[in-house]
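Peer 1: Kindly return the folded structure for what I paste below:
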Amino acid sequence: MASISGSQPQQVNVADLDLQQLSDVRRQLEEELNHLTNSFAQLKQAQAKFKSCIENVGEVKPQNKGTTILVPLTNSLYVPGHLSDSENVIVDVGTGYYVKKSRVQATKYYETKVEYIRTNLESLQDTIQKKQENMNYLINVMQVKLQQSQPQPPSKS
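Peer 2: I've put the predicted structure just below:
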């Protein structure tokens, strides 16, 4: 008897399942793949945002001090401003908190974020690939079961 509170899920051979059960497993795998793929896309967007931040920090240079810049208030609203401190930048560290950092510290912060996301993307890519392989195997099993359930034409001898 399998324990429901056990930490390991019970393994079932998909070849032992009927077509309805296989269809349910396929639907669940499709939902998981969809969720994982969406998560992958969101991580890619976050990584691109942090890479863009690295480029933006690189544009804050002593020779640009006093120049007119556009300061973002929201994602779509910018106001003109003047670059008065070319040594420090304000970094959004999440949940509405901002921290003053030197250009070097800010670049290092964003590079760390990019690298962290890169390792997560690799792990997620492996998971997606394994789920896709499971899906392909499941579809093959379903096709075999469907062929077996079809009445075979009598062979002519």
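Peer 1: distance of N56 from G94?
Peer 2: 17 Å (C-beta to C-beta, to the nearest Å). (Glycine included, C-beta is placed from N, CA and C.)
Peer 1: Compare the two (neighbour count), which wins?
Peer 2: When N56 and G94 are compared for neighbours, N56 comes out ahead with 13 against 7, by other C-beta atoms under 10 Å.
Peer 1: Which helix or strand contains that one?
Peer 2: helix 19-59 (DSSP states H and E).
Peer 1: That helix - contacts with which helices or strands?
Peer 2: Packing partners of helix 19-59 (3 or more C-beta pairs under 8 Å, 6 or more residues apart in numbering; DSSP states H and E): helix 103-149.
Peer 1: Y110 and I54 touch, don't they?
Peer 2: Yes - with contact defined as C-beta atoms under 8 Å, Y110 reaches I54; the gap is 4.7 Å.
Peer 1: could you point out where the chain is predicted with low confidence?
Peer 2: 1-10, 152-157 (pLDDT under 70).
Peer 1: Done for today, thanks.
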